[in-house]
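K.L.:
Got a sequence here, can you build the structure:
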Amino acid sequence: MIRYFTRAGTAAALLLAASPLCAHTIVGNRVFPATLTIDDPGVNDELALPSFSYLQSANPDGTLGPISYSLGWEYAKTITPDTALSVGSAGFTWQRNPKAEGWANIETQAKFAFLQIPEHEFIISAAVSAEIGNTGSPQSASLPSDPFSTITSKLYIGKGFGDASADWVRPFAVTGEIDYSIPTVTINSDGSYNPTVLTYGATLQYSLLYENSFVHQLPDVFNRLIPAFEGIFSTPVANEGPVIPGEFSPYETTGVVGPSLYYIGQYFEIGVMAQVPINRASGDHVGALAVLDIFLDDVAPTSLGKPLFSAPLSPLARY
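P.N.:
Sure thing, here's the model as predicted:
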(Lines give C-alpha, C1' and ligand atoms only; values in the text may rest on other atoms or scores of the structure.)
Protein backbone atom coordinates (compact mmCIF):
# COMPACT_ATOMS: atom_id res chain seq x y z
CA MET A 1 0.00 0.00 0.00
CA ILE A 2 1.10 3.54 -0.67
CA ARG A 3 1.41 6.03 2.18
CA TYR A 4 2.40 9.67 1.96
CA PHE A 5 2.73 13.02 3.74
CA THR A 6 2.57 11.53 7.23
CA ARG A 7 4.38 14.52 8.68
CA ALA A 8 2.55 17.28 6.87
CA GLY A 9 -0.85 15.67 6.34
CA THR A 10 -3.93 15.13 8.46
CA ALA A 11 -5.52 11.84 9.49
CA ALA A 12 -7.65 12.05 6.36
CA ALA A 13 -4.54 12.32 4.21
CA LEU A 14 -3.15 9.23 5.90
CA LEU A 15 -6.28 7.32 4.97
CA LEU A 16 -6.20 8.54 1.40
CA ALA A 17 -2.62 7.42 1.20
CA ALA A 18 -3.52 4.02 2.57
CA SER A 19 -5.59 3.25 -0.50
CA PRO A 20 -3.62 0.69 -2.39
CA LEU A 21 -2.67 0.47 -6.01
CA CYS A 22 -3.28 -3.22 -6.51
CA ALA A 23 -3.47 -6.22 -8.78
CA HIS A 24 -5.93 -9.04 -9.37
CA THR A 25 -5.24 -12.62 -8.30
CA ILE A 26 -6.43 -16.01 -9.56
CA VAL A 27 -6.46 -19.04 -7.24
CA GLY A 28 -8.22 -22.10 -8.61
CA ASN A 29 -11.42 -20.82 -10.18
CA ARG A 30 -11.46 -17.64 -8.06
CA VAL A 31 -10.60 -14.15 -9.30
CA PHE A 32 -9.73 -11.82 -6.43
CA PRO A 33 -10.08 -8.27 -7.81
CA ALA A 34 -7.73 -5.37 -7.21
CA THR A 35 -9.57 -3.99 -4.19
CA LEU A 36 -9.25 -0.34 -3.25
CA THR A 37 -8.60 -0.40 0.49
CA ILE A 38 -6.18 -3.32 0.76
CA ASP A 39 -3.92 -5.12 -1.67
CA ASP A 40 -4.98 -8.45 -3.11
CA PRO A 41 -3.09 -11.53 -1.87
CA GLY A 42 -1.35 -12.59 -5.10
CA VAL A 43 1.51 -11.62 -7.43
CA ASN A 44 0.92 -10.42 -10.99
CA ASP A 45 2.18 -8.41 -13.94
CA GLU A 46 -0.02 -5.34 -13.85
CA LEU A 47 -0.17 -1.59 -14.21
CA ALA A 48 -2.53 0.49 -12.06
CA LEU A 49 -2.90 3.85 -13.78
CA PRO A 50 -4.51 5.92 -12.53
CA SER A 51 -5.68 5.42 -8.97
CA PHE A 52 -7.89 8.24 -7.74
CA SER A 53 -8.68 9.32 -4.15
CA TYR A 54 -10.93 12.01 -2.69
CA LEU A 55 -11.73 12.77 0.95
CA GLN A 56 -12.48 15.80 3.12
CA SER A 57 -10.84 15.90 6.54
CA ALA A 58 -12.28 17.41 9.72
CA ASN A 59 -10.68 19.78 12.21
CA PRO A 60 -10.70 18.96 15.94
CA ASP A 61 -13.00 21.94 16.61
CA GLY A 62 -15.68 20.46 14.35
CA THR A 63 -15.09 22.68 11.34
CA LEU A 64 -14.38 21.27 7.89
CA GLY A 65 -10.75 20.56 7.10
CA PRO A 66 -8.84 20.37 3.81
CA ILE A 67 -10.29 18.57 0.78
CA SER A 68 -7.67 16.30 -0.80
CA TYR A 69 -7.52 14.72 -4.26
CA SER A 70 -4.77 12.42 -5.50
CA LEU A 71 -3.80 10.51 -8.63
CA GLY A 72 -1.39 7.62 -8.15
CA TRP A 73 0.12 4.66 -10.01
CA GLU A 74 1.86 1.30 -9.54
CA TYR A 75 3.70 -1.16 -11.79
CA ALA A 76 4.11 -4.77 -10.65
CA LYS A 77 6.44 -7.32 -12.30
CA THR A 78 6.62 -11.03 -11.53
CA ILE A 79 10.14 -12.40 -11.04
CA THR A 80 9.00 -16.01 -10.58
CA PRO A 81 5.41 -17.33 -10.60
CA ASP A 82 5.29 -16.77 -6.82
CA THR A 83 7.32 -13.57 -6.36
CA ALA A 84 6.98 -10.02 -7.67
CA LEU A 85 8.56 -6.61 -7.36
CA SER A 86 6.58 -3.40 -7.66
CA VAL A 87 7.18 0.32 -7.75
CA GLY A 88 4.56 3.01 -7.34
CA SER A 89 3.44 6.14 -5.61
CA ALA A 90 0.34 7.86 -4.30
CA GLY A 91 1.35 10.31 -7.00
CA PHE A 92 0.24 13.91 -7.16
CA THR A 93 -2.04 15.38 -4.49
CA TRP A 94 -3.76 18.72 -4.56
CA GLN A 95 -5.58 20.16 -1.60
CA ARG A 96 -8.22 22.85 -1.12
CA ASN A 97 -8.99 24.94 1.99
CA PRO A 98 -6.10 25.73 2.30
CA LYS A 99 -4.63 25.33 -1.16
CA ALA A 100 -1.59 23.06 -1.34
CA GLU A 101 -0.10 20.46 -3.68
CA GLY A 102 2.78 18.03 -3.87
CA TRP A 103 4.18 14.73 -5.08
CA ALA A 104 4.26 11.64 -2.88
CA ASN A 105 7.35 9.55 -2.25
CA ILE A 106 8.18 6.50 -4.35
CA GLU A 107 7.44 3.11 -2.77
CA THR A 108 8.99 -0.23 -3.72
CA GLN A 109 7.81 -3.67 -2.63
CA ALA A 110 8.86 -7.34 -2.80
CA LYS A 111 6.01 -9.85 -2.45
CA PHE A 112 5.98 -13.66 -2.10
CA ALA A 113 2.93 -15.93 -2.33
CA PHE A 114 4.13 -18.79 -0.15
CA LEU A 115 0.96 -20.86 0.15
CA GLN A 116 -1.72 -21.53 -2.48
CA ILE A 117 -4.38 -24.26 -2.36
CA PRO A 118 -6.29 -23.90 -5.65
CA GLU A 119 -9.02 -26.44 -4.86
CA HIS A 120 -9.94 -24.41 -1.76
CA GLU A 121 -9.33 -21.00 -3.39
CA PHE A 122 -6.95 -20.18 -0.54
CA ILE A 123 -3.78 -18.09 -0.61
CA ILE A 124 -1.38 -16.49 1.88
CA SER A 125 1.35 -14.03 0.91
CA ALA A 126 3.90 -11.79 2.60
CA ALA A 127 5.69 -8.64 1.51
CA VAL A 128 8.19 -6.00 2.57
CA SER A 129 7.90 -2.46 1.23
CA ALA A 130 9.94 0.70 1.56
CA GLU A 131 8.63 4.22 1.08
CA ILE A 132 11.78 6.11 0.10
CA GLY A 133 12.11 9.49 1.78
CA ASN A 134 12.75 12.67 -0.21
CA THR A 135 11.70 11.09 -3.54
CA GLY A 136 8.58 13.27 -3.69
CA SER A 137 8.10 17.01 -3.31
CA PRO A 138 10.85 18.87 -1.43
CA GLN A 139 10.35 20.30 2.03
CA SER A 140 9.88 23.75 0.50
CA ALA A 141 6.70 22.60 -1.30
CA SER A 142 3.26 23.54 0.01
CA LEU A 143 2.58 19.80 0.54
CA PRO A 144 6.00 18.18 1.05
CA SER A 145 6.70 14.45 1.08
CA ASP A 146 8.23 12.74 4.09
CA PRO A 147 11.98 13.40 4.32
CA PHE A 148 12.48 9.99 5.98
CA SER A 149 11.84 6.43 4.77
CA THR A 150 9.31 3.97 6.19
CA ILE A 151 9.74 0.19 6.17
CA THR A 152 6.58 -1.95 6.24
CA SER A 153 6.13 -5.69 6.68
CA LYS A 154 2.85 -7.11 5.35
CA LEU A 155 0.77 -10.28 5.48
CA TYR A 156 -2.10 -11.08 3.08
CA ILE A 157 -4.77 -13.77 3.01
CA GLY A 158 -7.53 -14.66 0.58
CA LYS A 159 -10.27 -17.31 0.71
CA GLY A 160 -13.00 -18.04 -1.80
CA PHE A 161 -15.92 -20.24 -0.82
CA GLY A 162 -16.28 -22.13 -4.08
CA ASP A 163 -15.71 -25.35 -2.11
CA ALA A 164 -18.90 -24.80 -0.05
CA SER A 165 -21.79 -27.23 -0.47
CA ALA A 166 -24.48 -24.54 -0.66
CA ASP A 167 -24.67 -22.77 -4.01
CA TRP A 168 -25.61 -19.41 -2.47
CA VAL A 169 -22.33 -19.36 -0.49
CA ARG A 170 -19.98 -20.25 -3.35
CA PRO A 171 -19.72 -16.77 -4.97
CA PHE A 172 -18.53 -15.22 -1.66
CA ALA A 173 -14.87 -14.54 -0.86
CA VAL A 174 -12.89 -12.67 1.78
CA THR A 175 -9.46 -11.07 1.77
CA GLY A 176 -7.43 -9.47 4.53
CA GLU A 177 -4.19 -7.58 5.07
CA ILE A 178 -2.19 -6.52 8.11
CA ASP A 179 0.83 -4.15 7.96
CA TYR A 180 3.40 -2.98 10.49
CA SER A 181 5.08 0.29 9.45
CA ILE A 182 8.25 1.59 11.09
CA PRO A 183 9.64 5.05 10.18
CA THR A 184 13.41 5.43 9.99
CA VAL A 185 13.13 8.75 11.87
CA THR A 186 11.02 8.88 15.02
CA ILE A 187 11.23 12.58 15.94
CA ASN A 188 11.40 15.37 13.36
CA SER A 189 13.47 18.52 13.64
CA ASP A 190 10.35 20.49 14.62
CA GLY A 191 9.68 18.11 17.52
CA SER A 192 6.76 16.26 15.92
CA TYR A 193 6.58 12.47 16.12
CA ASN A 194 6.43 9.80 13.40
CA PRO A 195 4.59 6.85 14.99
CA THR A 196 4.95 3.18 14.30
CA VAL A 197 1.59 2.18 12.83
CA LEU A 198 -0.43 -1.03 12.63
CA THR A 199 -2.71 -0.99 9.57
CA TYR A 200 -5.30 -3.69 8.96
CA GLY A 201 -8.21 -4.19 6.63
CA ALA A 202 -10.53 -6.72 5.01
CA THR A 203 -13.00 -7.16 2.16
CA LEU A 204 -16.15 -9.23 1.75
CA GLN A 205 -16.82 -9.95 -1.91
CA TYR A 206 -19.73 -11.47 -3.84
CA SER A 207 -18.52 -12.45 -7.30
CA LEU A 208 -21.19 -12.33 -9.98
CA LEU A 209 -18.35 -13.31 -12.31
CA TYR A 210 -17.97 -16.54 -10.29
CA GLU A 211 -21.72 -17.10 -10.01
CA ASN A 212 -22.14 -16.77 -13.77
CA SER A 213 -19.31 -19.21 -14.48
CA PHE A 214 -19.87 -21.87 -11.82
CA VAL A 215 -23.31 -21.53 -10.17
CA HIS A 216 -25.90 -20.27 -12.65
CA GLN A 217 -25.90 -17.99 -15.67
CA LEU A 218 -26.70 -14.30 -15.28
CA PRO A 219 -27.69 -11.58 -17.74
CA ASP A 220 -24.68 -10.20 -19.60
CA VAL A 221 -24.94 -6.82 -17.86
CA PHE A 222 -24.10 -8.45 -14.50
CA ASN A 223 -21.75 -11.32 -15.25
CA ARG A 224 -18.44 -9.44 -14.97
CA LEU A 225 -19.22 -7.55 -11.75
CA ILE A 226 -17.90 -8.12 -8.22
CA PRO A 227 -19.64 -6.02 -5.55
CA ALA A 228 -17.87 -5.85 -2.18
CA PHE A 229 -17.79 -4.18 1.21
CA GLU A 230 -14.39 -3.25 2.57
CA GLY A 231 -12.56 -1.24 5.16
CA ILE A 232 -9.11 -0.22 6.33
CA PHE A 233 -7.97 1.01 9.75
CA SER A 234 -4.74 2.43 11.20
CA THR A 235 -3.69 2.39 14.85
CA PRO A 236 -0.48 4.01 16.17
CA VAL A 237 1.27 1.46 18.39
CA ALA A 238 4.55 3.18 19.34
CA ASN A 239 6.14 6.63 19.42
CA GLU A 240 2.75 8.31 19.27
CA GLY A 241 3.91 11.54 20.83
CA PRO A 242 2.18 13.65 23.48
CA VAL A 243 -1.49 14.57 23.55
CA ILE A 244 -1.86 18.20 22.43
CA PRO A 245 -4.94 20.12 23.63
CA GLY A 246 -7.19 21.08 20.74
CA GLU A 247 -5.77 18.38 18.43
CA PHE A 248 -6.90 14.84 17.64
CA SER A 249 -5.36 12.25 19.95
CA PRO A 250 -2.21 10.65 18.50
CA TYR A 251 -3.46 7.33 19.93
CA GLU A 252 -6.76 7.35 18.02
CA THR A 253 -7.59 4.69 15.45
CA THR A 254 -8.66 6.06 12.08
CA GLY A 255 -10.26 4.30 9.16
CA VAL A 256 -12.77 4.19 6.35
CA VAL A 257 -15.37 1.62 5.31
CA GLY A 258 -17.75 1.42 2.39
CA PRO A 259 -19.29 -0.45 -0.54
CA SER A 260 -17.34 -0.98 -3.73
CA LEU A 261 -17.93 -2.38 -7.21
CA TYR A 262 -15.47 -3.93 -9.67
CA TYR A 263 -15.82 -4.68 -13.37
CA ILE A 264 -13.47 -7.42 -14.60
CA GLY A 265 -12.73 -7.21 -18.31
CA GLN A 266 -10.45 -9.48 -20.28
CA TYR A 267 -7.53 -7.05 -20.16
CA PHE A 268 -8.41 -4.59 -17.42
CA GLU A 269 -10.41 -3.88 -14.28
CA ILE A 270 -12.29 -0.78 -13.20
CA GLY A 271 -13.11 -0.32 -9.50
CA VAL A 272 -14.97 2.37 -7.56
CA MET A 273 -15.68 2.76 -3.83
CA ALA A 274 -17.46 5.14 -1.47
CA GLN A 275 -15.26 5.62 1.60
CA VAL A 276 -17.06 6.52 4.82
CA PRO A 277 -14.87 7.82 7.69
CA ILE A 278 -15.35 5.90 10.96
CA ASN A 279 -14.84 8.98 13.16
CA ARG A 280 -14.06 12.71 13.03
CA ALA A 281 -10.33 12.09 13.10
CA SER A 282 -10.71 10.02 9.93
CA GLY A 283 -12.49 12.66 7.88
CA ASP A 284 -15.75 14.42 7.20
CA HIS A 285 -18.34 13.41 4.58
CA VAL A 286 -18.19 10.45 2.20
CA GLY A 287 -15.14 10.28 -0.06
CA ALA A 288 -14.38 8.24 -3.16
CA LEU A 289 -11.74 5.87 -4.51
CA ALA A 290 -11.31 4.57 -8.06
CA VAL A 291 -8.77 2.58 -10.06
CA LEU A 292 -8.07 1.42 -13.61
CA ASP A 293 -5.95 -1.73 -13.48
CA ILE A 294 -4.39 -3.13 -16.68
CA PHE A 295 -3.68 -6.90 -16.74
CA LEU A 296 -0.27 -7.09 -18.43
CA ASP A 297 -0.25 -10.87 -17.98
CA ASP A 298 -3.26 -10.95 -20.33
CA VAL A 299 -2.23 -8.09 -22.63
CA ALA A 300 1.24 -9.58 -23.29
CA PRO A 301 1.26 -13.12 -21.81
CA THR A 302 4.41 -14.30 -23.67
CA SER A 303 6.57 -11.21 -23.12
CA LEU A 304 5.96 -8.34 -20.70
CA GLY A 305 3.31 -10.30 -18.79
CA LYS A 306 5.23 -13.43 -17.85
CA PRO A 307 7.72 -14.07 -15.01
CA LEU A 308 11.38 -13.32 -15.68
CA PHE A 309 12.41 -16.75 -14.40
CA SER A 310 10.64 -20.11 -14.58
CA ALA A 311 7.65 -20.95 -16.72
CA PRO A 312 4.43 -19.03 -16.03
CA LEU A 313 1.69 -20.78 -14.13
CA SER A 314 -0.80 -22.72 -16.23
CA PRO A 315 -3.61 -20.41 -17.36
CA LEU A 316 -6.91 -20.93 -15.56
CA ALA A 317 -10.42 -20.22 -16.76
CA ARG A 318 -11.56 -16.79 -15.55
CA TYR A 319 -14.93 -16.18 -17.05
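K.L.:
Run through the strands of the stretch 101-250 of the chain in chain order.
P.N.:
106-117, 122-132, 150-160, 172-183, 196-206, 225-238 (DSSP state E, counting those that start in this stretch).
K.L.:
For Asp45, find the nearest of those.
P.N.:
strand 106-117 (12.3 Å; Cβ to Cβ). Glycine gets a C-beta too; all of them are placed from N, C-alpha and C.
K.L.:
List the contacts of that closest one.
P.N.:
Contact partners of strand 106-117, identified using Cβ atoms under 8 Å, 6 or more residues apart in numbering, comprise 2-3, 27-28, 41-43, 82-89, 122-132, 135-136, 154.
K.L.:
a markdown table for the strands of the stretch 101-250 of the chain, including distance to Pro50 and mean neighbour count?
P.N.:
Shown next, in a markdown table, are these (distance: least, Cβ to Cβ, whole Å; neighbours: other Cβ atoms under 10 Å):
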| stretch | distance to Pro50 | mean neighbour count |
| --- | --- | --- |
| strand 106-117 | 16 | 18 |
| strand 122-132 | 19 | 20 |
| strand 150-160 | 23 | 19 |
| strand 172-183 | 22 | 20 |
| strand 196-206 | 21 | 20 |
| strand 225-238 | 19 | 19 |
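K.L.:
Among those, which comes closest to Phe248?
P.N.:
strand 225-238 (11.1 Å).
K.L.:
ok, the nearest residue to Val243 once chain neighbours are set aside - how many residues close by?
P.N.:
Excluding the flanking residues, the one nearest Val243 by Cβ to Cβ, 6 or more residues apart in numbering is Ser249, at 5.8 Å. By other Cβ atoms under 10 Å, the residues close to Ser249 number 12.
K.L.:
Ser249 reaches Pro236, doesn't it?
P.N.:
No. Counting by Cβ atoms under 8 Å, Ser249 sits too far from Pro236 to count as a contact (9.3 Å).
K.L.:
would you turn the strands of the stretch 101-250 of the chain into a markdown table with mean pLDDT?
P.N.:
Shown next, in a markdown table, are the strands of the stretch 101-250 of the chain (pLDDT from 0 to 100):
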| stretch | mean pLDDT |
| --- | --- |
| strand 106-117 | 97 |
| strand 122-132 | 98 |
| strand 150-160 | 98 |
| strand 172-183 | 98 |
| strand 196-206 | 98 |
| strand 225-238 | 98 |
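K.L.:
who's in contact with Leu47?
P.N.:
Contacts of Leu47 by Cβ under 8 Å, 6+ apart are 73-76, 293-294, 296.
K.L.:
ok, 6 Å please
P.N.:
75, 294, 296 (Cβ atoms under 6 Å, 6 or more residues apart in numbering).
K.L.:
what sits opposite the second one in the beta ladder?
P.N.:
Think Ile294. Counting by DSSP bridges, Ile294 is bridged to Leu47, Phe268.
K.L.:
Going forward, count from 718.
P.N.:
In the new numbering, first residue 718, that becomes Ile1011.
K.L.:
Am I right that it is in contact with Phe985?
P.N.:
Yes. Using Cβ atoms under 6 Å, Ile1011 makes contact with Phe985 at a distance of 5.1 Å.
K.L.:
So these two - more neighbours on which side?
P.N.:
For Ile1011 versus Phe985, neighbours defined as other Cβ under 10 Å are more numerous around Ile1011 (19 against 16).
K.L.:
For Asp778, see how far away that one is.
P.N.:
Ile1011 sits 44 Å away from Asp778, going by Cβ to Cβ, to the nearest Å.
K.L.:
Tell me where the protein has helices.
P.N.:
Counting by DSSP state H, the chain has helices at residues 728-735, 925-931, 1013-1016.
K.L.:
in the stretch 718-867 of the chain, which ranges drop under the pLDDT threshold?
P.N.:
Where the stretch 718-867 of the chain drops to pLDDT under 70, the residues are 718-740.
K.L.:
roughly how far apart are the most far-flung residue of the chain relative to its centre and Ile874?
P.N.:
Of all residues in the chain, Pro962 has its C-alpha farthest from the mean position, at 32.5 Å, by Cα atoms, centre = their mean. Relative to Ile874, Pro962 is positioned 41 Å away (Cβ to Cβ).
K.L.:
Surely Pro967 is in contact with Ala955?
P.N.:
No. The pair Pro967 / Ala955 is not scored as a contact, 11.0 Å apart, by Cβ under 6 Å.
K.L.:
give me the number of residues near the residue lying closest to Arg941 once chain neighbours are set aside?
P.N.:
Take Arg941 and drop its neighbours on the chain: the residue closest to it by Cβ to Cβ, 6+ apart is Ile981, 5.1 Å away. The local packing of Ile981 (other Cβ under 10 Å) involves 23 other residues.
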